[in-house]
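Trainee: coordinates only, sequence not included:
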């Protein structure tokens, strides 16, 4: 009975989906399916549940060759989808709005391409929550391919990023995100860099020919899964870097990844954390805690397969941070497939291995401080420094399917009266005190003038008319949104002191 | 010594005068019973900070206060009473807090100069030149560490520095208490500000609380940048938005340390700037933490009202924002003395910004100006000392320009 009901719901959803799809796509069958369909599929494949990005509630804005993507972003409202058709776009796109989706349309193998011509800084900057970027080819930028600052609920997928500067994909200060099925190469720092974020899944990406493939830095609750990281200097990193405002990096699961031949020369910029990574590094854990490695295939990495270290051994020469704990604690090494690592280790590692009567570098090396770590079946690998690791009590991490949240991070719920209050005290109170004259008339005077008439206040502050010679002219407050003005108009009539 | 004598004598005369004309002066000083702009008065007579950033969450859910445009600020010092704030205002502008009555907090934190002093390095009593510049006090309510070298962790702890430093305000705890307790007007004001107090005499903790209360009331969150951040994109022009994008891009990387919404991540950083007059290198936070890796590390300053607070760096190395910006594009460690090995911050590289880009950065920095909550300078001080040459702040500068 229950399953019949579910079947009905599924069919119904499908029917609605088809209808909506027909409505949206009726005129051009060449256009690929709109984003929500991805999320319909996701119900079965567990994709993106709880992210919210790409939920299109508004218009579809098409951008074609010769047009500007930024112009489209400027016109877009929350919930709109900006669809970019094949062509080369030379611009920096910045998104300071919530719920904007950027979707490339790939036709006959032709990608819409953002090309910075080696003169532009970044391809896409976003600060809004609910940002989706997919199907874009990005190349020749100096800064980042895609960089987020504080946007939550982000989805970055199916992008092809080649030689796009310091970082390829770099969400920063974001909560709840998904980075999947991107291909990145030629990045001078980390191709995928999760910096100071929470709750993120990084999966099904291919990263090669970068200094670092995937870096989880000062982030919490990150799942790095099914990625193919090869021919970088270092394949996958989990770091706690000093001197950043977020002081922890923990709950990182690195599993089911292919970490092959990360033996690229290090071309990182002087002073960057990754510039110290020895080539031939498969997986590197530095000062991060509660990191679990499981079922990775780590092969052909010439320095070491897995390195666990503190700052000192890693040769990091940053200023110390008294608030950053420097050790890698509670590292859990479950079964991993490791072979053919350490064929050409750096001198420091070579020296250590000689104490183990081995000239070959290790599959697993742990150096420096740290407590509470464990390893399963250590006898299978060539190891250094794991003798004090306990035997793992955990066997697998299967119960954690995703570190994304079950539902999108909601914006803070603010009652309109609260908003009115914040606005009155945060903005208006600079000129209007309750009963004394500051710059403009006191609130009591305004209350007498606009009794039961908040709209009158709203109209006035939107377009003030100079009424009284004994007061200076009021500047318009039209930069406040409509509902904010309404809220503050109402609030001002309720103030009693 | 002579100077102190003259000062004390002068003060006594003032007091005698005040005493003799007590009847007339009785109502001279009444503390304000309402909160300064930006604060809501609660039922239990406390001023609680309210601003539009309270609509948002803090970046990663905790109190970091760093992120993007719509990120909550970190927690602020608030909850002082209106009377404490207003008493702090009198104390802040009153030179009676210094040994010889010549220097007030406002001497180096002048409201007309962005609560800084416009000097490369500040000047204390007896015109003594100090080693570092006075940082702006706008938005100190949000700061967790104080002084360029981060050696204090509260405003109360911080103010003990300049008050008692021989070359700054040069007073002592004893002298400060003695002087204030001799002034009936202050006794009365402290009674108003601390109604529950038991002791009849003014105490240090009360002085500190009042000054911290006033300093915490200096809020600047209504710049044109803020209007943009809250969603009004017309608040910035095309050049300024270009500047914002350069500011947050990973080429210049300004926003990595000067992170919105406060435009500081409140961390320490070694930028490797040389001392202005070729003097010995300032060790900065190395001394605070007894850690040589922090040699020449300084607190990342907030950039709010930065256009009002030239010159820049801990010792006023640069006179203009343009020169300051240019420093960052001249290469990692290019000013580090040859005999020093500094741990230059990893975000300092060689971004090779163009002249055009640097101009745009300056355009953007100018959008961070907001002094709409400028406090009023007292017309008269409870000590009777004249306020030295502080012109009244023009009322027009208080009005927000859209």
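Mentor: Received the coordinates, thanks. What you are looking at is a predicted structure, and each value in this text was computed from that prediction instead of being measured. Numbering: from 1, shown residues only, chains lettered A, B, ... in the order given.

Trainee: Could I get the full set of strands for chain B?
Mentor: Residue ranges of the strands in chain B, as given by DSSP state E, are B:39-41, B:47-49, B:268-270, B:297-299.

Trainee: hmm, the last one touching chain A?
Mentor: Yes. Using C-beta under 8 Å from any C-beta of the partner chain, strand B:297-299 comes into contact with chain A via residue B:297. Glycine gets a C-beta too; all of them are placed from N, C-alpha and C.

Trainee: From the contact counts, what lies against that strand?
Mentor: With contacts defined as 3 or more C-beta pairs under 8 Å, 6 or more residues apart in numbering or on different chains; DSSP states H and E, the packing partners of strand B:297-299 are strand B:268-270, helix B:285-289.

Trainee: quick one, which of these is nearest to residue B:89?
Mentor: helix B:285-289 (30.1 Å; C-beta to C-beta).

Trainee: List the buried residues for the closest one?
Mentor: With burial defined by 16 or more other C-beta atoms under 10 Å in any protein chain shown, the residues of helix B:285-289 counted as buried are B:285-286, B:288-289.

Trainee: And the next helix or strand past the lowest-mean-pLDDT helix or strand in chain A?
Mentor: Between all helices and strands in chain A, the lowest mean by mean pLDDT, DSSP states H and E belongs to helix A:35-45, at a mean of 34. Moving toward the C-terminus from helix A:35-45, the next helix or strand (DSSP states H and E) is strand A:60-63.

Trainee: for that following strand, packing partners?
Mentor: Secondary-structure packing of strand A:60-63 (3+ C-beta pairs under 8 Å, 6+ apart): helix A:69-75, strand A:81-84.

Trainee: so which of the ones you listed comes closest to residue A:301?
Mentor: Smallest distance to residue A:301 across the helices and strands packed on strand A:60-63 (C-beta to C-beta): 37.5 Å, for strand A:81-84.

Trainee: ok, that closest one: who's next to it in the sheet?
Mentor: As defined by DSSP bridges, the strand partners of strand A:81-84 come to strand A:60-63 (parallel), strand A:101-104 (parallel).

Trainee: Any regions of the stretch 51-200 of chain A where pLDDT drops low?
Mentor: Applying pLDDT under 70 to the stretch 51-200 of chain A picks out residues A:51-52.

Trainee: For the helices and strands packed on strand A:60-63, give me JSON lines that also has mean neighbour count.
Mentor: Formatted as JSON lines, these follow (neighbours: other C-beta atoms under 10 Å in any protein chain shown):
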{"stretch": "helix A:69-75", "mean neighbour count": "17"}
{"stretch": "strand A:81-84", "mean neighbour count": "24"}
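
Trainee: Serialize these to JSON lines and add fields for distance to residue B:333.
Mentor: Formatted as JSON lines, the helices and strands packed on strand A:60-63 follow (distance: least, C-beta to C-beta, whole Å):
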{"stretch": "helix A:69-75", "distance to residue B:333": "36"}
{"stretch": "strand A:81-84", "distance to residue B:333": "41"}
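
Trainee: sorry, back to before: closest one to residue B:327 among the helices and strands packed on strand B:297-299?
Mentor: The closest of the helices and strands packed on strand B:297-299 to residue B:327 is strand B:268-270. By C-beta to C-beta, the value is 13.1 Å.
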